[in-house]
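>>> pasting the sequence and the predicted model now:
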Amino acid sequence: AIAYTVYGRWTAILTAIIAFSSFTLHMTTMLRHDASFILLVAVALLLYAQATQRQKPTWHFGVGFIIGLSWYTHYHAVLVGPMIGVAFYLIFLLRREKKMNLTWRAFAYYVAGGLLGAAIVFITSKLPYWDILSQVREPRTPESIIEYLQTAWFYARLGWLDPIERMFIVFSLASVLYKPREFDLALGSFVLLFLAALGFFGDTLLAYYTTHMVTAVILLHSRLFLKLWDHLPSPQLAALVTAMLIFAPVLGATTPFFALVGNYPMLRTTPPVVQWIEEHIPTGAVIVSHDWHYPFLAQDYTMYTSFSWASATPNISDNYADEDAFWDEVNFDVFVYDPNAAGAFIVEPFAMSDYFAERGYQRIMLPPEELPYIPMPPDPFTIPGEKRDIMIYVRDGLLE
């Protein structure tokens with residue numbers, strides 16, 4: 001709908017096809033709340049396109065309001081508002097570009113809508129959990145310009161995508177400079193600005209932080225292929241070339257092809273921690289572990305995530321005197337703590353406490369997991385740096 005509104009029928013058709021590229025599939029098939037972030041950004045950009053086309057300044061309030069509400073999906077979404085404000089508004093207003101039908105009044109509506117949406121999220125979602133949010137955010141704040149640049153570079157190089165897809169993204173961004181239209185410039189600026197802004201998330205090297213880019217990247221891909229059509233002798237050849245170029249990135253979304261190119265295992269192997277549990281712990285036991293172990297263990301064990309207490313809402317946590325009381329009721333048999341996992345610092349105070357010794361749990365140490373079963377370099381679930389051993393606490397007398 002965005003492509004049809006801004007560019008016309010052919011771009012809309014091509015955009016629908018390109019929606020099946022590996023970048024899109026990778027970002028939209030994750031079982032995470034971030035996927036809804038993609039939808040909200042897409043809806044906001046569609047409303048923006050309609051507002052500029054129909055010269056409706058008040059509609060920009062809705063654009064800002066939707067972007068403000070996107071903060072519900074993930075706390076890094078707070079960066080989207082300023083980046084859209086710069087890329088889709090200020091660049092054209094400061095250049096006095098009239099083709100976009102933008103005015104300072106429209107920008108003011110956008111800011112007002114964004115502040116209202118963000119305020120709703122802050123009051124209802126962030127403020128009640130401010131201590132937890134601060135705990136998550138503090139270690140992710142870059143301590144130096146070097147750390148900022150390292151994190152920004154991680155995102156800018158898009159290392160978790162296959163080389164073919166990265167090449168198309170680079171070419172699509174470069175194509176903005178060739179016969180540019182105003183919306184092309186806005187899309188390209190948005191992608192680059194947000195990649196740079198992600199550097200402010202310190203050592204949080206998580207691929208799904210770029211979910212916001214899906215809509216912009218699809219549209220930029222379409223524009224790249226359409227610009228290539230201008231230099232081909234016939235529409236039939238153009239269609240053939242486009243189909244081939246689109247099909248190639250799709251291969252990168254399949255595990256065997258990605259494994260072949262990146263020298264990864266062709267099959268997803270069982271994590272060492274899971275293997276140890278299956279070999280030593282009887283089925284039916286209650287296991288507390290990290291999220292990515294769930295698909296391997298849920299069929300034979302009762303599973304809890306190690307973030308259960310940290311993510312508990314007040315209507316749950318208020319029923320317990322403290323975290324120890326919560327875990328006492330869970331009455332787990334095994335507790336897995338991987339200090340190398342992203343977000344491990346949230347669990348660490350409990351994992352390193354006297355809780356386990358006081359209740360007679362036995363501690364087992366295993367070497368760090370390399371996570372070869374996730375065909376996506378660099379590993380999105382662990383933090384960089386020297387790896388520490390994994391701790392497994394087992395109820396006394398349970399080991400087979």
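Received it, and whenever you're ready, just let me know what you need.
>>> how about Y48, nearest residue that isn't a chain neighbour?
V63 (4.8 Å; CB to CB, 6 or more residues apart in numbering). Every residue, glycine included, has its C-beta placed from N, CA and C.
>>> tell me the helix or strand right after the longest helix seen in the chain.
Determined from DSSP state H, the single longest helix within the chain is helix 35-54. Downstream of helix 35-54, the first helix or strand assigned by DSSP states H and E is helix 59-69.
>>> which elements pack onto that next one?
For helix 59-69, the packing partners by 3 or more CB pairs under 8 Å, 6 or more residues apart in numbering; DSSP states H and E come out as helix 35-54, helix 80-84, helix 104-121.
>>> what's the angle from that helix to helix 104-121?
30 degrees (axes from the mean of the first three to the mean of the last three CA atoms, to 10 degrees).
>>> near the residue nearest to I2 when sequence neighbours are not counted, how many other residues are there?
Of all residues not flanking I2 in the chain, L46 sits nearest, at 4.9 Å (CB to CB, 6+ apart). A total of 19 residues lie near L46 under the criterion other CB atoms under 10 Å.
>>> what's around A87, how many residues?
Each residue near A87 was counted by other CB under 10 Å, and the total is 21.
>>> that one and I120: what is the separation?
Using CB to CB, to the nearest Å, A87 is found at 24 Å from I120.
>>> same check on G64?
Look at G64 and I120: by CB to CB, they are 12 Å apart.
>>> who's more crowded, the two?
Using other CB under 10 Å, the more surrounded residue of G64 and I120 is G64, with 28 against 15.
>>> isn't there a strand covering V288?
Yes - counting by DSSP: H, G, I helix; E, B strand; the rest coil, V288 falls inside a strand.
>>> check contacts around it.
By CB atoms under 8 Å, 6 or more residues apart in numbering, V288 lies in contact with 303-306, 308, 327, 330, 332, 334-336.
>>> please repeat the previous calculation with a cut-off of 7 Å.
Neighbouring residues of V288 by CB atoms under 7 Å, 6 or more residues apart in numbering: 304, 306, 332, 334-336.
>>> ok, and for stretch 355-365, which residues are buried?
Residues of stretch 355-365 classed as buried by neighbour count (16 or more other CB atoms under 10 Å): 355-356, 361, 364.
>>> now, among those residues, which is nearest to S175?
Nearest to S175 among the buried residues of stretch 355-365: I364, at 54.4 Å, using CB to CB.
>>> that closest one sits in which helix or strand?
I364 belongs to strand 361-366, assigned by DSSP H and E.
>>> do S134 as well
Using DSSP H and E, S134 falls within helix 130-137.
>>> now M303
strand 302-305.
>>> could you list the paired strands of that strand along with their orientation?
strand 286-289 (parallel) (DSSP bridges).
>>> any idea which helix or strand comes after the strand it pairs with?
Following strand 286-289 toward the C-terminus (DSSP H and E): helix 294-297.
>>> distance from the chain centre to that next one, please.
Distance of helix 294-297 from the chain centroid (CA atoms, centre = their mean, to the nearest Å) equals 22 Å.
>>> name the residues of that helix that are buried.
The neighbour-count check on helix 294-297 (16+ other CB under 10 Å) flags 294, 296-297 as buried.
>>> nearest to I38, of those residues?
Nearest to I38 among the buried residues of helix 294-297, with distances taken as CB to CB, is Y294, at 23.4 Å.
>>> I figured the closest one hits M303, correct?
Yes - Y294 is within contact range of M303, at 5.4 Å (criterion: CB atoms under 7 Å).
>>> on that earlier part again, make a markdown table from the buried residues of stretch 355-365 and add pLDDT and distance to G113 to it.
Shown next, in a markdown table, are those (pLDDT from 0 to 100; distance: CB to CB, whole Å):
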| residue | pLDDT | distance to G113 |
| --- | --- | --- |
| Y355 | 94 | 47 |
| F356 | 94 | 50 |
| Y361 | 94 | 52 |
| I364 | 93 | 53 |
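>>> what about the residue nearest to F296 when sequence neighbours are not counted, distance to E147?
Leaving aside its sequence neighbours, F296 sits nearest to V274 (CB to CB, 6+ apart; 4.4 Å). According to CB to CB, V274 and E147 sit 33 Å apart.
>>> of the two, who's got more company?
Each of V274 and E147 has its neighbours counted (other CB under 10 Å); V274 has more, 22 against 15.
>>> I'd like to know how far the more buried one sits from I123.
Distance of V274 to I123, given as CB to CB: 41 Å.
>>> do Y72 as well
12 Å.
>>> which one of those two has more residues nearby?
Neighbour count, other CB under 10 Å: between Y72 and I123, Y72 has more, with 19 against 10.
>>> ok, that one - contacts?
Y72 neighbours (CB under 7 Å, 6+ apart): 121, 125.
>>> quick one, grab the pLDDT at it.
On pLDDT, Y72 comes in at 83.
>>> cool, the one 10 residues further on as well?
At P82, the model reports a pLDDT of 89.
>>> what's the local residue count around it?
Residues lying near P82 (other CB under 10 Å) number 16.
>>> again, but for V334
Using other CB under 10 Å, the number of residues around V334 comes to 24.
>>> that one against G284, yeah?
No - V334 is beyond contact range of G284, at 11.7 Å (criterion: CB under 7 Å).
>>> pretty sure F190 is touching M83, no?
Yes - F190 lies in contact with M83 (CB under 7 Å); the separation is 5.9 Å.
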